[in-house]
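Student: below are the sequence and a predicted model; questions follow.
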Amino acid sequence: MNAIASRFDFKEIQEKVSIHLRPWHRSFQFWVRAADIYTGYKVFQVRVSFVKDVQKQEALWERQHELAADKIYAVCYDLGGFFLKIAQIIGKPDLTPAAWVKKLVTLCDQAPSTPFDAVQLVLEKELGQSIGEIFEKFDVNPLGSASIAQVHRARLRGDKKDVVVKVQHPGVQDLMMTDIRNLQAFALYMQKTDIKFDLYSVTKEMEKQIGYEFDFLREANAMERIRRFLYKNNKKTPVLVPTVLQDLVTRRVLVMEYIDGIPILNLGDEMAKRGINPGGKMAAAAKQNILKSLTLAYGQMILKSGFFHADPHPGNILICKGSEVALLDYGQVKDLPDQLRLGYANLVLAMADNDPVKATESYRELGIDTVSNCENEQQELLRLAQTMFDTKLPPGVLMLQPFSEDSSIKKIGVQSFPEELFSVLRTVHLLRGLSVGLGINYSCAEQWRPIAEEALYNAGRLKGANQKTTVRKRGSFRRSFW
């Protein structure tokens, strides 16, 4: 008996030591791999500077990006958790090299799933009943697994409609906080050496937002608030929002309506399967309708309400019958203070009108502090605003290179960036990534112009002639949106 007891004690000690050392091991893995990728690019920059032939340079850069993409993919896949979110942010066709996008786009919903016995323990502990008492059927295999939780399809007892059950991965919070702190340290180094942008504030906002994602009660309230707002402000809601089953929500479990649809990433394959030419007129109309719905919903949420879904990556978007769009996962939401909401409305007007003076004023109002030595500072400030906060790509440009030598970020140093605005910036960049993926180049600032005008008018911020123009146009805001 003593031998058995000591064996169990030793196993328990081993597990405790393993749990204690896991964050240190994870940090070591991150820094070794990050240093390898970073130094690889630095050495390559020196080597490629000796190559004079432009085509040869481009071929060498492409090969370097492919090598880096494999390493970045390996970091995100092996470490999982928060690094899957990083893959979602940087794996966009408008922002990073094609080789990165090709690799990282496959990581959507690729987080390892929690075994069903662990899921069952969480569910029964949180809901206070056995799975069999609550559900008539429950799919053991998840519909998808992400960094914080996984979702299962099920049906409640005595009901004919299916529901989705979202269950948090056990023990994931501490590891994600470790990942974020490592990234913050790396961001501080990068902004001092390579990138003239306040990356640290961006990572602090990420830390705050991801901390909220572990509270499903908060997510359920956010989902209902956004659902009510969109249904109230439109004859037909631009996006579908799942209904929450309020009696079946806890901090770690969320049960909601099941919405039938296909992930937006599978849209091209689904069209081909149905005999629709992905490059034809019917496909183009469907894609435009999808983007129109998302753009209208986000314009209203950000500019009219200030409370918005802040995570429109492809894994959170379903395409339903008739090209209707469903927006899922309300773990990341943001409530902008009125000062920032209205300041951003002013910036939207500046970008839509290509007005560098108004853009400069908007920077001051938003609390974005910049420093520059360039001759045409106001024009560069407008360019930087459009790079950060608009979806449109310049003529002939297929992909933005925000950290190239000619980019505005290299010419204008961003010394201070309000943490709250990061969610707006990230949302716009995700919308831009979707538009590039759908093959539609458009300006969200131009589409949001009437909504920004309405927001400023309602706040008493448009005066004189501008106010009269707005009064005349108020009835046509929605009609002129697209």
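Tutor: Cool, got the structure.

Student: quick one: the spatially closest residue to S362 that is not a sequence neighbour from E377, how far?
Tutor: Leaving aside its sequence neighbours, S362 sits nearest to L347 (Cβ to Cβ, 6 or more residues apart in numbering; 3.9 Å). All C-beta atoms are positioned from the backbone trio N, CA, C, and that covers glycine. To E377, L347 is 17 Å away according to Cβ to Cβ, to the nearest Å.

Student: next, count neighbours for the residue nearest to S362.
Tutor: Look at L347: counted by other Cβ atoms under 10 Å, it has 28 neighbours.

Student: could you say what helices and strands the helix or strand that contains it packs with?
Tutor: Per DSSP states H and E: L347 is located in helix 338-352. Using 3 or more Cβ pairs under 8 Å, 6 or more residues apart in numbering; DSSP states H and E, the elements in contact with helix 338-352 are helix 356-366, helix 377-389, helix 444-458.

Student: now I210: how far from M177?
Tutor: 8 Å.

Student: no no, V75
Tutor: V75 is 18 Å from M177, by Cβ to Cβ.

Student: quick one: low-confidence parts of the stretch 101-250 of the chain?
Tutor: Scanning the stretch 101-250 of the chain with the threshold set as pLDDT under 70 gives 108-110.

Student: list the contacts of N441.
Tutor: Contacts for N441 (Cβ atoms under 8 Å, 6 or more residues apart in numbering) come out as K392, L393, S435.

Student: of those, just say which sits nearest to K137.
Tutor: S435 (39.0 Å; Cβ to Cβ).

Student: the closest one and T391 touch, don't they?
Tutor: Yes: when contacts are counted by Cβ atoms under 8 Å, S435 is listed as touching T391 (5.4 Å).

Student: common neighbours of the two, please.
Tutor: Y442.

Student: helix, strand, or coil at V32?
Tutor: Classification of V32 using DSSP: H, G, I helix; E, B strand; the rest coil returns helix.

Student: quick one, helices of the stretch 51-200 of the chain?
Tutor: Assigned by DSSP state H, counting those that start in this stretch, the helices in the stretch 51-200 of the chain fall at 54-79, 82-90, 98-104, 116-127, 131-134, 172-193, 199-212.

Student: tell me the bridge partners for the nearest residue to V119 once chain neighbours are set aside.
Tutor: Distances taken as Cβ to Cβ, 6+ apart place V167 nearest to V119, at 5.2 Å, with adjacent residues excluded. Beta-bridge pairing for V167 (DSSP bridges): Q150, V253.

Student: R251 is in contact with V167, correct?
Tutor: No: counting by Cβ under 8 Å, V167 does not reach R251; the two are 11.5 Å apart.

Student: which of the two has more residues huddled nearby?
Tutor: V167 (24 against 13).

Student: and for K137, the neighbour number?
Tutor: 12.

Student: next, D355: phi, psi?
Tutor: phi -110, psi 100 (degrees, to the nearest 10).

Student: so how far is Y457 from it?
Tutor: Where Y457 is concerned, D355 sits at a distance of 18 Å (Cβ to Cβ).

Student: neighbour count: those two, which is higher?
Tutor: Neighbours per residue, other Cβ under 10 Å: of D355 and Y457, the larger number sits with Y457, 19 against 16.

Student: residue contacts, the residue nearest the centre of the chain?
Tutor: The residue lying closest to the centre of the chain (Cα atoms, centre = their mean) is D311, at 3.7 Å. For D311, the contacting residues are D329, G331, Q332, R426, T427, L430, by Cβ under 8 Å, 6+ apart.

Student: so it is in which element?
Tutor: Going by DSSP H and E, D311 is not in any helix or strand.

Student: who wins for proximity to Y41 among the helices and strands packed on helix 338-352?
Tutor: Among these, helix 377-389 sits nearest to Y41 (Cβ to Cβ), with 21.1 Å.

Student: now the closest one, how far from the centre of its chain.
Tutor: Here the centre of helix 377-389 is set off from its chain's centre by 22 Å, with Cα atoms, centre = their mean, to the nearest Å.

Student: what angle separates it from helix 338-352?
Tutor: If you take axes from the mean of the first three to the mean of the last three Cα atoms, to 10 degrees, helix 377-389 sits at 110 degrees to helix 338-352.

Student: which secondary structure element contains T370?
Tutor: Using DSSP H and E, T370 falls in strand 369-372.

Student: can you pull the contacts of A286?
Tutor: Contacts of A286 (Cβ under 8 Å, 6+ apart): M271, S323.

Student: repeat that for 6 Å
Tutor: S323 (Cβ atoms under 6 Å, 6 or more residues apart in numbering).

Student: N458 versus S362, what's the distance?
Tutor: 18 Å.

Student: which of those two has more neighbours?
Tutor: Using other Cβ under 10 Å, the more surrounded residue of S362 and N458 is S362, with 24 against 13.

Student: and D162, what are its bridge partners?
Tutor: The partner residues for D162, given DSSP bridges, come to R155.

Student: count of neighbours near it?
Tutor: D162: 15 neighbours (other Cβ under 10 Å).

Student: and it, how far from E257?
Tutor: For D162, the distance to E257 - Cβ to Cβ - is 9 Å.

Student: is V249 in a bridge, and if so with what?
Tutor: The partner residues for V249, given DSSP bridges, come to L254.

Student: quick one: strands adjacent to the strand holding T370?
Tutor: Assessed with DSSP bridges, strand 369-372 is paired to strand 412-416 (antiparallel).

Student: contacts for the strand it pairs with next, please.
Tutor: K196, F197, D198, D369, T370, V371, S372, E380, L384.

Student: can you put these in a markdown table and add neighbour count?
Tutor: Converted to a markdown table, those look like this (neighbours: other Cβ atoms under 10 Å):
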| residue | neighbour count |
| --- | --- |
| K196 | 18 |
| F197 | 23 |
| D198 | 22 |
| D369 | 14 |
| T370 | 22 |
| V371 | 11 |
| S372 | 17 |
| E380 | 21 |
| L384 | 23 |
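
Student: coming back round to it: and the helices and strands packed on helix 338-352, which one's lowest on average pLDDT?
Tutor: The stretch with the lowest mean pLDDT among the helices and strands packed on helix 338-352 is helix 377-389, at a mean of 88.

Student: report all helices and strands that that one contacts.
Tutor: With contacts defined as 3 or more Cβ pairs under 6 Å, 6 or more residues apart in numbering; DSSP states H and E, helix 377-389 has these neighbours: helix 356-366, helix 408-411.

Student: which of those sits closest to H25?
Tutor: Using Cβ to Cβ, the helices and strands packed on helix 377-389 put helix 408-411 closest to H25, at 34.4 Å.

Student: show the average pLDDT along the closest one.
Tutor: 63.

Student: likewise for stretch 24-42?
Tutor: For stretch 24-42, the mean confidence score works out to 91.

Student: as CSV, could you dump the C-alpha coordinates of that stretch?
Tutor: Output of stretch 24-42 as CSV, limited to C-alpha atoms (Å, rounded to 0.1, in the frame of the first residue of the first chain):
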residue,chain,number,x,y,z
TRP,A,24,8.8,28.8,-18.9
HIS,A,25,9.1,26.1,-21.5
ARG,A,26,6.6,27.9,-23.7
SER,A,27,8.4,31.2,-23.3
PHE,A,28,11.7,29.6,-24.2
GLN,A,29,10.1,28.1,-27.4
PHE,A,30,8.8,31.5,-28.4
TRP,A,31,12.0,33.4,-28.0
VAL,A,32,14.2,30.8,-29.7
ARG,A,33,11.9,30.7,-32.7
ALA,A,34,11.2,34.5,-32.9
ALA,A,35,14.9,35.2,-32.8
ASP,A,36,15.5,32.7,-35.6
ILE,A,37,12.8,34.3,-37.8
TYR,A,38,14.0,37.9,-37.0
THR,A,39,17.7,37.3,-37.5
GLY,A,40,16.9,35.3,-40.7
TYR,A,41,15.3,38.4,-42.2
LYS,A,42,18.1,40.7,-41.0
